[in-house]
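Undergrad: What follows is a predicted structure for the sequence shown.
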Amino acid sequence: MHIPKDIATLEDIQLMVNSFYDRVRADDMLGPIFNGVIQDRWPEHLQKMHRFWQTVLLDEHTYYGSPFLPHAKLPVDQEHFNRWLALFNATIDEHFQGAKATRAKWQGERMAEMFLSKLQFYRNNPAIPLL
């Protein structure tokens, strides 16, 4: 029996990210959106997500950028974020348990709330998202 360990290394981050995006790509709701935007740039996107989560969870600062901006014009709503969170949390629960795994799920929830709030703001106001 496999007993999940906590997220502790870059290899753990890669497993989390790659497994999660495998689910996203195959999902009937999220797959068409992500595949349509990312197209053949999945390796580049996954590398960026590895760096993002390595920075967030391992405190190894390898990601520099603005995570919201690429999402600013996506055709997504609450139901999409709910699905994203369900897939994300299921991926973490399948592979990991511990403080960092719990933190990853918490961070995912905060990100979903923030992104949805910003998307709704920019859809209802003439402002342009800042870099």
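TA: Thanks, I have the structure now.
Undergrad: Please make it C-alpha for all contacts and neighbour counts, starting now.
TA: Fine.
Undergrad: Now the residue positioned nearest the centre of the chain: closest residue in space, sequence neighbours ignored.
TA: Nearest to the mean C-alpha position of the chain, by Cα atoms, centre = their mean, lies residue 108 at 6.7 Å. Closest residue to residue 108 apart from its sequence neighbours, by Cα to Cα, 6 or more residues apart in numbering: residue 85 at 6.8 Å.
Undergrad: Tell me where the protein has helices.
TA: Assigned by DSSP state H, the helices in the chain fall at 10-26, 31-38, 42-58, 78-95, 99-124.
Undergrad: To residue 2, which of the ones you listed lies closest?
TA: helix 78-95 (8.9 Å; Cα to Cα).
Undergrad: which helices and strands sit right next to the closest one?
TA: helix 10-26, helix 99-124 (3 or more Cα pairs under 8 Å, 6 or more residues apart in numbering; DSSP states H and E).
Undergrad: and the angle from that helix to helix 10-26?
TA: Counting by axes from the mean of the first three to the mean of the last three Cα atoms, to 10 degrees, helix 78-95 points 140 degrees away from the direction of helix 10-26.
Undergrad: quick one, helix 78-95 and helix 31-38 angle?
TA: 90 degrees.
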